[in-house]
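K.L.:
build me a model from this:
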Amino acid sequence: MMSRTLRLSDGAAVRVIEAGSAGAPVLLIHGVGMRAEAWGPQIVALASDHRVIAVDMPGHGESDALPGDPRLPDYVAWAARVIEALGLGPVSVAGHSMGSLIAGGLAVERPDLVARAALLNGVHRRDATARAAVMARANELASGVVAVEAPLSRWFGTDEDDVRDQVAGWLRAVSPRGYAAAYRAFAEGDTVYADRLGQVRCPLLVLTGDGDANSTPAMSRTMAAMAPQGRAVVIAGHRHMVNLTAPDAVTAEMKRWLATEEVPK
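P.N.:
A predicted model of the protein is given here:
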């Protein structure tokens, strides 16, 4: 496993973790407040058969922030520049939470760059109550209030302390500016590509935990049903950080996704 800095066409720096040297490439995009290491179990498990690239999202870890007041399409355009800078051609892209919004948008906007897409713990058209709550959190972050315990209580059960502590460390270390910018895009992003997932012709995995109150099983099933090659998976007994709390189950589903042959468009 190796960490390096990638330079994009606009000069921005992106930190990537790479593992594996053979096989088709897989790009992993984490969620708000996290960093590339949040894909740790999947990086290790997939590297035996794939070239795995996990990125620090803009304003997270060691990646440069996006300029101005970015929204979801700006993060999608950033992901396209990442793939182009890697020079790997179409890649399989998996995103978690905010990363899933980026991966889904990328599959819609730049199908030439995406061989497959996986949306883990994604959101799709929140109801009014959930929208109000997520916008309130976005406003708190914009004002400089970073409450780590609130997301942790939503993401983890009482018997997941080791993973919870690891995630808490990442949340406490993230740039407040990068966190706030990405969270605003996340809060407003659930409708941006919501009606266009039917355009995603490549194999699409949509996965969540049955205890994820914000990235619900119903959302996952709706998104999967829209895409011609969509498949919904719900992991029982887990919440938002399912790739860390149920790594074996998630990795098995990702391997199945990666083995899926694309139907000609």
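
K.L.:
how far does stretch 62-80 sit from the chain's center?
P.N.:
On the basis of CA atoms, centre = their mean, to the nearest Å, stretch 62-80 sits 14 Å off its chain's mean C-alpha point.

K.L.:
what's the answer for stretch 73-84, then?
P.N.:
The answer for stretch 73-84 is 13 Å, by CA atoms, centre = their mean.

K.L.:
so which bits of it are buried?
P.N.:
Buried positions in stretch 73-84, judged by neighbour count with 16 or more other CB atoms under 10 Å: 75, 76, 77, 78, 79, 80, 82, 83. To be clear about C-beta, it is placed using only N, CA and C from the backbone, and glycine gets the same treatment.

K.L.:
in helices, which of those residues fall?
P.N.:
Mapping the buried residues of stretch 73-84 onto helices (DSSP state H) picks out 75, 76, 77, 78, 79, 80, 82, 83.

K.L.:
is it true that the last one touches residue 29?
P.N.:
Spelled out, it's residue 83. No. Using CB atoms under 8 Å, residue 83 is not in contact with residue 29, being 10.8 Å away.

K.L.:
which helix or strand lies directly C-terminal to the host helix or strand of residue 18?
P.N.:
Residue 18 is located in strand 13-19, with elements delineated by DSSP states H and E. Of the helices and strands lying after strand 13-19 in sequence (DSSP H and E), the nearest is strand 25-29.

K.L.:
I would like the residues contacting that next one, please.
P.N.:
Strand 25-29 is contacted by residues 36, 39, 42-43, 46, 50-55, 57, 79, 82-83, 86, 88-89, 91-96, 99-100, 102-103, 258 when judged by CB atoms under 8 Å, 6 or more residues apart in numbering.

K.L.:
out of those residues, which end up buried?
P.N.:
Buried members of the contacts of strand 25-29, scored by 16+ other CB under 10 Å, are 36, 39, 42-43, 46, 50-55, 57, 79, 82-83, 86, 88, 91-96, 99-100, 102-103, 258.

K.L.:
could you list every helix and strand in contact with the helix or strand bottoming out on mean pLDDT in the chain?
P.N.:
Lowest on mean pLDDT, DSSP states H and E among the helices and strands of the chain sits helix 149-155, with a mean of 92. Identification of packing neighbours for helix 149-155 by 3 or more CB pairs under 8 Å, 6 or more residues apart in numbering; DSSP states H and E yields helix 161-173.

K.L.:
need the residues that contact the helix it packs on.
P.N.:
Outside helix 161-173, the residues that touch it by CB under 8 Å, 6+ apart are 33-35, 37-38, 146, 148, 151-152, 155-156, 241, 244-245.

K.L.:
which among these count as buried?
P.N.:
Among those, those buried by neighbour count (16+ other CB under 10 Å) are 33-35, 37-38, 146, 151-152, 155-156, 241, 244-245.

K.L.:
hmm, residue 60 is touching residue 180, no?
P.N.:
No. Using CB under 8 Å, residue 60 makes no contact with residue 180, being 11.5 Å away.

K.L.:
and the two? which has more neighbours close in?
P.N.:
Taking other CB atoms under 10 Å, residue 60 and residue 180 do not tie; residue 60 has more neighbours (27 against 22).

K.L.:
am I right that the more buried one sits in a strand?
P.N.:
No. Counting by DSSP: H, G, I helix; E, B strand; the rest coil, residue 60 falls outside a strand, being coil.

K.L.:
contact partners for it?
P.N.:
30, 33, 34, 35, 174, 175, 178, 179, 182.

K.L.:
could you rerun that using 6 Å?
P.N.:
Neighbour list for residue 60: 35, 174, 178 [criterion: CB atoms under 6 Å, 6 or more residues apart in numbering].

K.L.:
what's the burial count for the second one?
P.N.:
Around residue 174 sit 23 other residues, with neighbours defined as other CB under 10 Å.

K.L.:
that one and residue 42: what is the separation?
P.N.:
Plainly put, residue 174 is 20 Å away from residue 42 if you go by CB to CB, to the nearest Å.

K.L.:
residues contacting stretch 116-124, please?
P.N.:
Stretch 116-124 is contacted from outside by 92-94, 96-97, 100, 103-104, 107, 190, 194, 202-208, 212, 215, 219, 222-223, 240, 243, 257, using CB under 6 Å, 6+ apart.
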